[in-house]
Each structure stands twice: as structure tokens, then as C-alpha cells.
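**Q** no sequence on this one, just coordinates:
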């Protein structure tokens, strides 16, 4: 009797274990992914390959991957998930043209910023926890300086911060209308006075 009970419990444990065993898929990329991004829905993943400047998407837990065709190959350099909007992510380039998704990477919208993202730190976009459409974008302005004792020109760079209160929606609309200046996001400093 006791042996039958132990055997029955063991059989249930084996069945439960077999059902919970993970399935492993192998996918090979030309170069390794530098960043993986999981959405709240764990079946959907984004992967950034900085070597090729490509973003890949999987909607089946990583079993199959496809390159995102809305983002030209060679452009993507950074990938950010919005920590408080579960379906939103950003792909930034080394230039002023970037992309946002609001539906876990199914579709992407292009927008422009006044400056290229900062290179002085990793986080070029910062997010507000409660007002989730409010975001800070930190760009980098560089000028060539030739003054001083050094005979060669040098590049002097500083960061400038901009904000949006609509999650870059106006920037997307402006970009579609042909405005690539990035004026839809507002500078935090305007001629040395704070505007926010």
C-alpha cells in the first residue's frame, strides 16, 4: 500500500516534470546579439546586433527571429525598453533619426531629434514613472575648437537635454510630414534659462 502510494506520487511528479521541462531552440546570428529586450508578454523579444546595426524580433519565445524591416540595416545602435509602458521600446541611431514601437515591435514609427544621442553615458532616454509619456532625451552637441596653444583642431562636446510630454508622438507626425529638425521636442535650456 505504502509502495503503491509512493509509486503514484513519483509518477505524478514525473508527469509534472515532463510538462514543465523547457524547450530549447538554437538560433545562430552572423554576430552575437548585444542586447536582449523582453516585453511584459514574455513570448515577444527584441535583440540588438550592434555589429550589423540590426534589430531582430521574435514572437515565439525566441524560436524564430526576423530582422525588423522598418529599420534600415546598419542604423541601430541602442535599444531601450520603456520601463513603465509594457509595449513600448526605442531604437536609437548614431544620428538624429530614431524609431519607436508602441505595440511590442509589430510596427515602428520614425522620429527625429535635434541632436544625436549622447555618447558620454549609456542612457540617452530617461523615463518618468508616473507620467509615462514624459521623457528626457539627452543629445550631444560638438564643435571644432582651434583656439589655444594646440596646433590641431579638436572636437569639444557637451550634452543638451530635451523633453517630450507626448512620448514623441508629435515628433513622429512631424517626421512623416517631412520635418527632420526634431523641433517637436523642447530644449530644457533656452539661451541659458530654464524653460521647464
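**A** Thanks, I have the structure now. Here the structure is a predicted model, which means the values were calculated and not measured. Numbers count the residues shown, from 1 in each chain.

**Q** Show me what counts as buried in the host helix or strand of residue 161.
**A** Assigned by DSSP states H and E, residue 161 belongs to strand 154-164. Of all the residues in strand 154-164, those buried under the rule 16 or more other Cβ atoms under 10 Å are 161-164. C-beta coordinates here come from the backbone N, C-alpha and C atoms, glycine included.

**Q** Could I get the buried residue list for stretch 105-112?
**A** Using 16+ other Cβ under 10 Å as the test for burial, stretch 105-112 gives 105, 108-112.

**Q** distance between the ends of that stretch?
**A** End-to-end distance for stretch 105-112: 19 Å, by Cα to Cα, to the nearest Å.

**Q** follow-up on the earlier one: which of the buried residues of stretch 105-112 sit farthest apart?
**A** 105 and 112 (20.4 Å; Cβ to Cβ).

**Q** Now residue 47. Its backbone dihedrals?
**A** Backbone geometry at residue 47, expressed as degrees, to the nearest 10, gives phi -130, psi 130.

**Q** oh, I was asking about residue 174
**A** Dihedral angles (degrees, to the nearest 10) for residue 174: phi -60, psi -40.

**Q** That one reaches residue 112, doesn't it?
**A** Yes: between residue 174 and residue 112 a contact is recorded at 7.2 Å, counting by Cβ atoms under 8 Å.

**Q** Can you check which residues contact both of these two?
**A** Listed as contacting both residue 174 and residue 112 by Cβ atoms under 8 Å, 6 or more residues apart in numbering are residue 181.
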